[in-house]
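Student: Based on what follows, work out the 3D shape:
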Amino acid sequence: MVVMVHDHSTKKLLQDKRSQRMEESNSLEKLPDELSEAVNTLSLLLSRKEERKPDYWTKVAKKLDIIFFFVYITVSAVFLVVIFSVWINAKDEYDRDMISHL
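Tutor: Residues are numbered from 1 along each chain as shown. Sure, this is the predicted structure:
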């Protein structure tokens, strides 16, 4: 009787270990498939992200071009006004000096 119980429990342990090994084996067999699926998913996500980047940077570049254009025109206009006013004031002072020396 004792031997039968021992045999039964040993068989049960062996069956449990076998089923555990089978599960591990099945898990290991599925691992390459899961890894390749994960790699494919990441590749797809990265390719989508790369596809969006040119549009994003093109829009940023266009905005910067417009901003630069208006800043350039404004600074150029202010520069010309300042130079013109300094030139006119210098000419007026020169004319006054010439008249006072006469």
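
Student: So for the helix or strand encompassing residue 39, mean pLDDT?
Tutor: Residue 39 is part of helix 2-101, with elements assigned from DSSP states H and E. Across helix 2-101, pLDDT averages out at 80.

Student: Centre of the chain to it, how far?
Tutor: Mean-position distance between helix 2-101 and its chain equals 0 Å (C-alpha atoms, centre = their mean, to the nearest Å).

Student: The chain should start at 513 in everything you say after this.
Tutor: Sure thing, new numbering starts at 513, so read that last one as helix 514-613.

Student: And it, what does it pack against?
Tutor: For helix 514-613, there is no helix or strand it packs on, judged by 3 or more C-beta pairs under 8 Å, 6 or more residues apart in numbering; DSSP states H and E. Where C-beta positions appear, they are placed from N, C-alpha and C, glycine not excepted.

Student: Mind splitting the chain into its structural domains?
Tutor: Split into domains by the TED database, the chain comes to 513-564, 566-613.

Student: Serialize those to a markdown table and add fields for mean neighbour count.
Tutor: Formatted as a markdown table, the domains of the chain follow (neighbours: other C-beta atoms under 10 Å):
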| stretch | mean neighbour count |
| --- | --- |
| domain 513-564 | 10 |
| domain 566-613 | 10 |
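
Student: roughly how far apart are residue 581 and residue 603?
Tutor: From residue 581 across to residue 603, the span is 33 Å (C-beta to C-beta, to the nearest Å).

Student: and if you look at residue 592?
Tutor: To residue 603, residue 592 is 16 Å away according to C-beta to C-beta.

Student: next one: residue 612
Tutor: Residue 612 is 15 Å from residue 603, by C-beta to C-beta.

Student: Please apply the same query to residue 520.
Tutor: 119 Å.
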